[in-house]
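Asker: dropping a prediction and its sequence here:
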Amino acid sequence: LTPAQRASGVARTFNLRAGDFPLLRLTLQPPAEGLQPGGTFGLLLDFRAAHASPPGSSQQPVCLQVVALLESEEVVLAPHTHGRSNDSAAMRKLYSEQQEVTAHLLSSQFVFSIPLTAAPSFKTPMVSHRWVLRFELTLAKPKPQRPAELLTEQLLWSLPLVVFPPPL
């Protein structure tokens, strides 16, 4: 996608995998004018690829649960942290958390709203403010020697978002 397409309301699709196995297809559907404070956007989660694995794929993980978090992150860059270590100082703010049990679903969806009073994305030499969608997926797959028992694991994934200031 071109920068103009990324900034507009063009849907973006991501294919998530767990190792060699397809897990889900995630589609971000922002509003036509792009993401702005006060705007609402949708996420479509499609699990059909994971359920369509060929017979004998005994190690195909199953997504049991999805937690989606909408956060902003403000980072004060290292030279401006005033006596702290050489690392940047980050502060996160959680705006919304949604979860869905997905063990037997073919698809699911989430809808998020960016608060009207929230700051848009920006970066200066001193500080940056960004938006991110964080995903926590709980997966299960059969134990290699005991297929009747399941191993669970967490898969974490983040999707940066660009939130534009509202038009004047």
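Answerer: Yes, it's here.
Asker: helices along this structure, start to end?
Answerer: 3-7, 48-51 (DSSP state H).
Asker: mean pLDDT for those helices: which is lowest?
Answerer: Ranked by mean pLDDT, those bottom out at helix 3-7, with a mean of 50.
Asker: what's the spacing between residue 74 and residue 47?
Answerer: Distance, residue 74 to residue 47, by C-beta to C-beta, to the nearest Å: 34 Å. In short, each C-beta sits where N, CA and C put it, glycine included.
Asker: compare those two (neighbour count), which wins?
Answerer: residue 47 (21 against 15; other C-beta atoms under 10 Å).
Asker: isn't the more buried one up against residue 104?
Answerer: No. Residue 47 is beyond contact range of residue 104, at 9.3 Å (criterion: C-beta atoms under 8 Å).
Asker: now do the contacts for the spatially closest residue to residue 159 that is not a sequence neighbour.
Answerer: Leaving aside its sequence neighbours, residue 159 sits nearest to residue 133 (C-beta to C-beta, 6 or more residues apart in numbering; 4.4 Å). Residue 133 makes contact with 28, 43, 68-71, 112, 158-159, 161 under the criterion C-beta atoms under 8 Å, 6 or more residues apart in numbering.
Asker: narrow the residues you listed to those that are buried.
Answerer: Neighbour-count burial (16 or more other C-beta atoms under 10 Å) applied to the contacts of residue 133 gives 28, 43, 68-71, 112, 161.
Asker: can you redo those as CSV with pLDDT?
Answerer: What follows is the buried ones among the contacts of residue 133, written out as CSV (pLDDT from 0 to 100):
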residue, pLDDT
28, 94
43, 95
68, 97
69, 97
70, 97
71, 96
112, 96
161, 93
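Asker: adding distance to residue 119 as columns, could you present those in TSV?
Answerer: Formatted as TSV, the buried ones among the contacts of residue 133 follow (distance: C-beta to C-beta, whole Å):
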residue	distance to residue 119
28	20
43	22
68	21
69	18
70	14
71	13
112	16
161	13
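Asker: stretch 35-46: how far from the chain's middle?
Answerer: Stretch 35-46 sits 11 Å away from the centroid of its parent chain (C-alpha atoms, centre = their mean, to the nearest Å).
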